[in-house]
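J.: sequence isn't available, so here's the structure alone:
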């Protein structure tokens, strides 16, 4: 528990610039869990591994193509059909959430540009009057 708490503290550390964009502390958490499971039980608790993989995927898949290579070893450890289905559903949800977030950004109405300052408006009006009077 102390080690996991330390990993979580590193993940949240504000003294490390941009810590949330670094994959290492999150991969360390997954790897640590896997090694502890192997040491304590001699096997992997797939049900405990699925949420860690899903969280990692949700955090990094849209930002970093290496996310898939990072997870490959852990995905291969999920062998039970039920756990595979749970993982696929969770990843699909994460993809849907990311897609919704992206589409919402594009759906938001764009604000019209602010009107030019009064001096610029007056200058534009004068230029328009001169052009229209020149055309008559």
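T.: Received it, and whenever you're ready, just let me know what you need. Nothing here was measured: the structure is a model prediction, and the numbers come from that model.
J.: could you use CA atoms for every contact and neighbour count after this?
T.: OK.
J.: ok, residue 33 - how many residues close by?
T.: The local packing of residue 33 (other Cα atoms under 10 Å) involves 18 other residues.
J.: what does residue 66 give?
T.: For residue 66, the tally of surrounding residues (other Cα under 10 Å) stands at 11.
J.: and the pLDDT at it?
T.: On pLDDT, residue 66 comes in at 82.
J.: for the record, mean pLDDT for the host helix or strand of residue 82?
T.: Here residue 82, judged by DSSP states H and E, is contained in helix 81-107. If you average the pLDDT over helix 81-107, you get 75.
J.: got any ranges where this protein has weak pLDDT?
T.: Residues of the chain meeting the criterion pLDDT under 70: 18-20, 98-136.
J.: please enumerate the helices of it.
T.: For the chain, the helices defined by DSSP state H cover 2-12, 24-41, 46-60, 66-75, 81-107, 118-135.
J.: which of these is buried the deepest?
T.: helix 46-60 (a mean of 19; mean count of other Cα atoms under 10 Å).
J.: what's the angle from that helix to helix 66-75?
T.: In terms of direction (axes from the mean of the first three to the mean of the last three Cα atoms, to 10 degrees), helix 46-60 departs from helix 66-75 by 180 degrees.
J.: when you give positions from now on, start the count at 6
T.: Sure, I'll start counting at 6 from here, so that last one is helix 51-65.
J.: can you give the contact residues for helix 51-65?
T.: 26, 28, 31-32, 35, 38-39, 72, 76, 79-80, 82-85, 88, 91-92, 95-96, 99-100, 103 (Cα atoms under 8 Å, 6 or more residues apart in numbering).
J.: switch to 6 Å and redo it
T.: Outside helix 51-65, the residues within contact range by Cα atoms under 6 Å, 6 or more residues apart in numbering are 83, 92, 96, 99.
J.: fine by me, thanks again.
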